[in-house]
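Novice: Build the 3D model from these lines:
(chains A and B)
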Number of protein chains: 2
Amino acid sequence: MKPLKVALLGCGVVGTQVIRLIHEQHADLAARIGAPLELAGVAVRRLGRKREVDLDPALFTTDAESLVSRDDVDIVIEVIGGIEPARSLIVAALSRGKSVVTANKALLAEDGATLHEAARAGEGDLYFEASVAGAIPLLRPLRESLAGDHVQRVLGIVNGTTNYILDKMDSTGASFTDALEEAQTLGYAEADPTADVEGFDAAAKAAILAGLAFHSRVTAAEVHREGITDITATDVASAKAMGYVIKLLAICARSDDGRSVGVRVHPAMIPRTHPLAGVREAYNAVFVEAESAGQLMFYGKGAGGAPTASAVLGDLVAVARNRLARTRGPEESTYASLPVHPMGETVTRCHVALDVADKPGVLARVAELFAKHDVSIQTVRQEGHGDDAQLVIVTHRATDAALTATMEGLRELDIVRAIASVMRVEGDD
Amino acid sequence: MKPLKVALLGCGVVGTQVIRLIHEQHADLAARIGAPLELAGVAVRRLGRKREVDLDPALFTTDAESLVSRDDVDIVIEVIGGIEPARSLIVAALSRGKSVVTANKALLAEDGATLHEAARAGEGDLYFEASVAGAIPLLRPLRESLAGDHVQRVLGIVNGTTNYILDKMDSTGASFTDALEEAQTLGYAEADPTADVEGFDAAAKAAILAGLAFHSRVTAAEVHREGITDITATDVASAKAMGYVIKLLAICARSDDGRSVGVRVHPAMIPRTHPLAGVREAYNAVFVEAESAGQLMFYGKGAGGAPTASAVLGDLVAVARNRLARTRGPEESTYASLPVHPMGETVTRCHVALDVADKPGVLARVAELFAKHDVSIQTVRQEGHGDDAQLVIVTHRATDAALTATMEGLRELDIVRAIASVMRVEGDD
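Specialist: Numbers count the residues shown, from 1 in each chain, chains lettered A, B, ... in the order given. From the prediction side, this is the model:
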């Protein structure tokens, strides 16, 4: 049987593992696909670097453009990351009728339309399971297993770095800075942690998940995004005292009328009894709620060389089988074309701690302000007294716009000395 | 676009929901498939029965054989269950080139080979996601997402009825009989609960999972099976006291040398900190351990009309797309042909409680017997004294044959008055 030729773009942590698996599982892959795989070349930035792979040096090249254009290449795997040159190389490969497997969440979330368009035109496959939640099979279940159901909400922990940091803060009482430093020492966080701690990475994944779940097109720019850099040890401790844990969540949900979707990434308090509360260290987990299926959860390693390579290889087997059968996998499905509504229309519950003057009538004036903005209060508790007096309020569901207006109003009240913390509450409705 | 015609065999709890979804999601399904679906007929045992579906009465027929043979039928959905007439009808449909979606675990586990052979010959699809763990996408991830990885072990709770019973026993201290009765009242258990409580249902699912995970053919008859009818409130309470919970597990694992697989269903003690310990009521959850992906968990509703119908519809969309594209999904993959080894070769840990005579030298004699059978003891604890003296022993990993021989030896020891309980321990290695 004629081998299928694979070009690999990138030979970092993931690329190295992809090469290892293609070699170690050679016989199994051939049996599962129906033809052997052959590595046609590996594009790298610099030649001659010491790499942890046992590969004929002649296979390495710095000319990625030529590699993806070679007539004998059937499938291109892109694990470089970032927007360019990844986009140009993927488009070049797809335009020439090759199939592409990519782990590039940033590119898919910024400009997936261009890639999908190129795949359609070239009649090749574009698979990207590894772009969200690493080894966890999530995109295929959403795209295929739930194709006959009506997904209502996707809610998950999709960034391992921030989950590691928040978990450490929760379990040891560490500050954000100390927990981040530990994560960096252990290799869970980059030297420049911005993409993770500011929620950019999770926002890209949320855009991809929302697009698949709701058969629409969503870009990272449309995702409401808040990071975890402002979370203090005090926030974490008070959440803990109330039976909650703070997690960075990616949430994609249909609006109540079903005509739009909300897509957001922000820290939130969830009850410690919620299954996502038990997701520790750098693990990922995603809840999917569908009309008929009910609640489903997917859990596993969201990052790392081998787990990500496992997802890449699963896609590689699928596109290889498709090529042999001269067919294609499911195309991008955007028929529903639901718009993303502004964050102001998103409905959530909120936990607010206010430093207040300890005198009669404070609660009445605060309650009046919430009522004025149509925000209904579920519980209110006064803690401490004198200069330490604090009102802790948990609201019922209200629009983000109403909650924001309430916070602005509170800031102007003379009896409110400071808003000590504001945090959305999820997972207990 | 010409509609794809669907014949439905069975109109019970699942069939009713399948009809509802085909109607309610009609536009979405057409958009996702690329052509509308049309119900060609519904085969039932008796006509004229009142049913909770809004359907043209002319579509109902008692002549299932004619229905599956009709030239205009493209896809057959089988939700009758049981071996016959389901097998003959599925084979008839596949032989005529139709694609089949089935939820029939018993049939797949008893005689999957015949069905797969008919699918190959007829060049149609045979999909069966709904046969294991209801709505949880599990077979597609195993068959496709992990196609480039090396699955080591599948370990899960795949029967909701027994999980409900064991959970009630654990949380309320109820006896097996009382918990079963409650499950029956609530509709979680059948009037004749044998298939569930004796592990037959879980064994069929284990056979299907093992076949997919290890690219081999496994039948229900090869699965070692023990039910939960002998579990007492005392067993549950002592497990609880030691930080364990008793679950009915389906376990499919490669042998240490990788040349065979063990497939078994039995109650086992798992640590309360294990994620499967938190699976309550009638929920299902399955752990998959793969070489590169690491540990994955899938969680959700394992039974019920709507969840099972969700899985059926996902398959329906897939086979419909395949028919339009004139292609087929992945075939049965059995190239590895790993044999199932006898239970005696399976390696597990074991928890044993012995009623013993309270006199010097008892522990020495018991320990000597374990050593004679090469079973190494991890912990031993003496509880009570006099007539209530009990030795509680947890072993290291040993073959089931050695453990069985040890139990036989213990029964013959004069100082052992009775073996109060024997239970395997899983999930803490």
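
Novice: contacts, neighbours, all on C-alpha from now
Specialist: Fine.

Novice: ranges for the strands of the stretch 251-400 of chain A?
Specialist: A:261-271, A:283-290, A:294-301, A:347-356, A:377-383, A:390-395, A:398-399 (DSSP state E, counting those that start in this stretch).

Novice: Which among those strands is found nearest to A:V53?
Specialist: strand A:294-301 (23.0 Å; C-alpha to C-alpha).

Novice: re the thing from before, among the strands of the stretch 251-400 of chain A, which comes closest to A:R153?
Specialist: That would be strand A:283-290 among these, by C-alpha to C-alpha, at 5.2 Å.

Novice: Just name the most buried of the strands of the stretch 251-400 of chain A.
Specialist: strand A:261-271 (a mean of 25; mean count of other C-alpha atoms under 10 Å in any protein chain shown).

Novice: Name the residues of the stretch 51-200 of chain A found near chain B, please.
Specialist: A:A135, A:I136, A:P137, A:R140, A:P141, A:E144, A:S145, A:L146, A:A147, A:G148, A:D149 (C-alpha under 8 Å from any C-alpha of the partner chain).

Novice: Save those residues as CSV, and put in neighbour count too.
Specialist: Compiled in CSV, these are given as follows (neighbours: other C-alpha atoms under 10 Å in any protein chain shown):
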residue, neighbour count
A:A135, 33
A:I136, 32
A:P137, 30
A:R140, 22
A:P141, 20
A:E144, 23
A:S145, 29
A:L146, 26
A:A147, 26
A:G148, 29
A:D149, 28
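
Novice: Just put the strands of the stretch 251-400 of chain A in a markdown table and tack on distance to chain B and mean pLDDT.
Specialist: Putting the strands of the stretch 251-400 of chain A into a markdown table (distance: least, C-alpha to the nearest C-alpha, whole Å; pLDDT from 0 to 100) gives the following:
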| stretch | distance to chain B | mean pLDDT |
| --- | --- | --- |
| strand A:261-271 | 15 | 97 |
| strand A:283-290 | 9 | 96 |
| strand A:294-301 | 4 | 95 |
| strand A:347-356 | 25 | 94 |
| strand A:377-383 | 28 | 91 |
| strand A:390-395 | 28 | 94 |
| strand A:398-399 | 29 | 96 |
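
Novice: Make TSV from those and add distance to A:A58 to it.
Specialist: Listed next are the strands of the stretch 251-400 of chain A as TSV, based on distance: least, C-alpha to C-alpha, whole Å:
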stretch	distance to A:A58
strand A:261-271	44
strand A:283-290	38
strand A:294-301	34
strand A:347-356	57
strand A:377-383	67
strand A:390-395	63
strand A:398-399	60
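
Novice: Please name the residues that touch the nearest residue to A:N322 once chain neighbours are set aside.
Specialist: Spatially, and ignoring its direct neighbours in sequence, A:N322 is nearest to A:R328 (5.4 Å; C-alpha to C-alpha, 6 or more residues apart in numbering or on different chains). Contact analysis of A:R328 by C-alpha atoms under 8 Å, 6 or more residues apart in numbering or on different chains lists A:E123, A:G124, A:D125, A:V319, A:N322.

Novice: next one: A:A207
Specialist: A:A109, A:V218, A:T219, A:A220, A:E222, A:V223, A:V263.

Novice: Reformat those as JSON lines; add secondary structure.
Specialist: Output for the contacts of A:A207, formatted as JSON lines (DSSP: H, G, I helix; E, B strand; the rest coil):
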{"residue": "A:A109", "secondary structure": "helix"}
{"residue": "A:V218", "secondary structure": "coil"}
{"residue": "A:T219", "secondary structure": "coil"}
{"residue": "A:A220", "secondary structure": "helix"}
{"residue": "A:E222", "secondary structure": "helix"}
{"residue": "A:V223", "secondary structure": "coil"}
{"residue": "A:V263", "secondary structure": "strand"}
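
Novice: Format those as JSON lines; extra columns: distance to A:A237.
Specialist: Converted to JSON lines, those look like this (distance: C-alpha to C-alpha, whole Å):
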{"residue": "A:A109", "distance to A:A237": "35"}
{"residue": "A:V218", "distance to A:A237": "35"}
{"residue": "A:T219", "distance to A:A237": "35"}
{"residue": "A:A220", "distance to A:A237": "32"}
{"residue": "A:E222", "distance to A:A237": "32"}
{"residue": "A:V223", "distance to A:A237": "29"}
{"residue": "A:V263", "distance to A:A237": "28"}
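
Novice: any idea which of the residues you listed is closest to B:A92?
Specialist: A:V218 (44.7 Å).

Novice: Helices of chain A, start to end?
Specialist: A:13-24, A:26-33, A:64-69, A:86-95, A:105-122, A:139-140, A:160-172, A:176-185, A:194-197, A:200-214, A:233-241, A:305-324, A:362-372, A:400-412 (DSSP state H).

Novice: what sits up against the shortest one?
Specialist: The set of residues that contact helix A:139-140 without belonging to it, under C-alpha under 8 Å, 6+ apart, is A:F128, A:E129, A:V132, A:L209, A:L212, B:P141, B:S145.

Novice: Tell me the pLDDT of the residue lying farthest from the centre of chain A.
Specialist: Of all residues in chain A, A:P360 has its C-alpha farthest from the mean position, at 46.4 Å, by C-alpha atoms, centre = their mean. Here, the pLDDT recorded for A:P360 equals 83.
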